[in-house]
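In: Task: produce atomic coordinates for the following.
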Amino acid sequence: MNRRDFFKYTTSLLFSITACGIDRKSIEFKDGLNTPQKITIPKKVIIVGGGLSGLTAGIHLIERGFEVEIFEKSSVCGGKLSSFKERHLGCDISLEHGFHVWWGQYYNFIDMMKRLNIKRHLKEIHSIEIKVKGCANETIGFSPKVYPFFLLFPLLFSRNISFREIMKSGTIGLLILGYDKKRYDKWFDKISFNDLMKEYDTPENIQKVFFEPFLQAGFFAEPHEISAASFLELFHFYLSGNIRDFKCYHIGGNPQEKVIEPTVKYFLDRGGRVNFNSEIENLIIDNYKVKGIQQKSNDIHVYRDGEVIHILQTAPLERSIFKRSMPVQEIPEDNYIKVELPQNQTIFIGFFNGEIIALSGECTHAGCLLNWDYKEGRFICPCHGGQFSRDGYPLKGPPLIALSRFKIGENVKEPSYEHAVSQQVVHSADYFIIATDIPGVQGIANNIMMSVDEWQKDEFHKILNLKTSSCIVLRIWFNKSLEPDRLPVGFTSGFKFIIVYFILSQLNDDVKECSRKTDTQCIEFIIIKTPDMINLSDAKLLELVTPEIVEIFPEIKDTPMIDFSIMRHDNYTFFNKGAVNLRPHVQSSIFINLFYSGDWVYLDAPVFFMEKAVMTAKIAVNHILLKEGIAPNPIYLPNVRGILS
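Out: Numbers count the residues shown, from 1 in each chain. Below you'll find the model as predicted:
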């Protein structure tokens, strides 16, 4: 037996013995048999945000007898899991904001799916492809036969990593297997992944083949930007810390129909309420408690005074009014002019068939600011690709609701901020959960900074310093068959733009059927949004990334593209250096009845993404249950420490 074989067998044996001691999962808050299960005195909870986290909190509270009301900014629930229909190649196709995969370590999410009878939709992905620029392709399998060894197999049987490089990576390996969240957050959050690799003298091939593909696929950011503490937490949660549940799933298509709608129905059938198109802009505070939430109202007024158009925006929080005036003759014929207003709002004013039309510049799907395309005669959302007609009616998903149209009054009395204050809508409750994304909570934090005392500002100041990461989702249809051995999911490394790809013709039921009918293939690419992509047209973006697409899929070289769609996202949680100390805990440190939930909230347990959204929601609910003397819900934890910790 040579040295390489000896190393293979002995290390595999030692690792399997160690792995056998790892519990699949542990449970908190399981026993509540001696305490009440439901509330006896009616109490109300308001949840801001109807995404996965908000819905999770809602169904757990409604089961315990609480009155629950959700306020959702967009026209549908689901957040990043919401889906919409698009027409491509004559087919109606359900598409997501970006294809989602579920992992076996999503204990709380999968348990909730089981309770709602929707776990049956999960379909296992057996292997993923690792494409490293300039290197041979690698494969990561999820077969149970290799579970105890899967951390070693990609290294030992890699076509790109040498035995010397494996031996040299021992120090970083020990660091990963000795994971301790509290210590590692303190030690490593102020340095980047690249700094960590340099400090531990990690071979470049180990980084490119073994670490960076998972790192970029998870964080939608470049390695030099990502916190070393977050990398170690990610690797522990998905790989080294919970190896028996290292499995990957998809649901075959539309999470809106298969996950979100059944969850919303369960919530509504038990008396819950959801308010759509309801943006919350502020909290009403009374010392250490939140008394209510303030709903954003229509604070823009347009009126005509002779040959002058006046646009007024009331800002009651600043106790001011913004006013802009323009001569009617400056309004273009058969075209729109964009008017930018404070508070990140815009309106479009145009002259059509002798009538002045004023439309809101906010997309009714998620509030992104629209662009007017004069040549096409339509409004286009730069975020998710939605389109509206000249009159503001939706033409292409995801938006379903028409743009707000402002009635243009004649000789109207200008409103005062006192009037604006009197028009504010406030909703009261006993408890409040903010379950938005980062931009959503920052909008609230920015407004509340104006009304709280100095000593109360620290928590909101930190929230305002959280950052988001950006990505672009590109879907392309080709009239060409792919190589038969191509795996449906691929993570990349070493490419400037593309970090993940999904062959939707193998994964999405609608796309699969359309591909069969039209003899086409559809591939989705997740692209890091770099500074040189800002304000790029769709055509320029395609031109920029095409060389990488061809390098990853050489079989489609010189194949004409039949159709495509592009979506731009700027609201993903960014796990940058120093972010750990900025994240609020589930329970507000200032207000006793305010809680946060979402993947941007701090947890003592190493958990990520959709599972973190669900878990923080369950913890927020348990805080409320315990305050009311009610038995808390079970919370399923991953292994919180490494096997060598």
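
In: where's residue 517 relative to residue 481, distance?
Out: To residue 481, residue 517 is 15 Å away according to C-beta to C-beta, to the nearest Å. C-beta: built from backbone N, CA, C; applies to glycine.

In: higher neighbour count, the two?
Out: residue 481 (15 against 10; other C-beta atoms under 10 Å).

In: which residue sits closest to the more buried one in space, ignoring its chain neighbours?
Out: residue 521 (6.7 Å; C-beta to C-beta, 6 or more residues apart in numbering).

In: Need phi/psi at that neighbour.
Out: Dihedral pair for residue 521: phi -130, psi 140, per degrees, to the nearest 10.

In: before we move on, what about residue 86?
Out: Dihedral angles (degrees, to the nearest 10) for residue 86: phi -130, psi 150.

In: And it, how far from residue 399?
Out: 12 Å.

In: Out of those two, name the residue with the larger neighbour count.
Out: residue 399 (27 against 19).

In: Helices along the stretch 151-300 of the chain, start to end?
Out: Applying DSSP state H, counting those that start in this stretch to the stretch 151-300 of the chain gives helices spanning 153-156, 163-168, 170-177, 181-188, 193-199, 204-206, 212-219, 228-235, 255, 261-269.

In: quick one: contacts for the closest residue to residue 441 other than its chain neighbours?
Out: Of all residues not flanking residue 441 in the chain, residue 434 sits nearest, at 5.4 Å (C-beta to C-beta, 6+ apart). Taking C-beta atoms under 8 Å, 6 or more residues apart in numbering, we find residue 434 in contact with 48, 49, 440, 441, 444, 594, 595, 596, 597.

In: Filter the residues you listed down to the buried ones.
Out: The neighbour count (16 or more other C-beta atoms under 10 Å) marks 48, 49, 440, 441, 444, 594, 595, 596, 597 as buried among these.

In: And those residues, which is closest to residue 343?
Out: Residue 343 has its nearest neighbour among the buried ones among the contacts of residue 434 in residue 444, at 13.0 Å by C-beta to C-beta.

In: Residue 548: which element?
Out: Per DSSP states H and E, residue 548 falls inside helix 538-552.

In: same for that helix, what does it pack against?
Out: Helix 538-552 sits against strand 468-478, strand 498-503, strand 521-528, strand 561-573, with contacts defined as 3 or more C-beta pairs under 8 Å, 6 or more residues apart in numbering; DSSP states H and E.

In: chain center to the shortest one: distance?
Out: Between the mean C-alpha point of strand 498-503 and the mean C-alpha point of its chain there is a distance of 17 Å (C-alpha atoms, centre = their mean, to the nearest Å).

In: The closest residue to residue 66 other than its chain neighbours in helix, strand or coil?
Out: The shortest distance from residue 66 to any non-neighbouring residue, by C-beta to C-beta, 6+ apart, is to residue 45 (5.2 Å). Look at residue 45: counting by DSSP: H, G, I helix; E, B strand; the rest coil, its state is strand.

In: what pairs with residue 45 across the strands?
Out: Under DSSP bridges, the beta-bridge partners of residue 45 are residue 68, residue 431.

In: ok, it - contacts?
Out: 57, 61, 66, 67, 68, 69, 429, 430, 431, 432, 433, 624.

In: again, 10 Å this time
Out: Residues near residue 45 by C-beta atoms under 10 Å, 6 or more residues apart in numbering: 57-58, 61-62, 64, 66-70, 272, 429-433, 593, 595, 620-621, 624.

In: returning to that earlier point: from the buried ones among the contacts of residue 434, which single one is nearest residue 511?
Out: The nearest member of these to residue 511, counting by C-beta to C-beta, is residue 49 at 29.3 Å.
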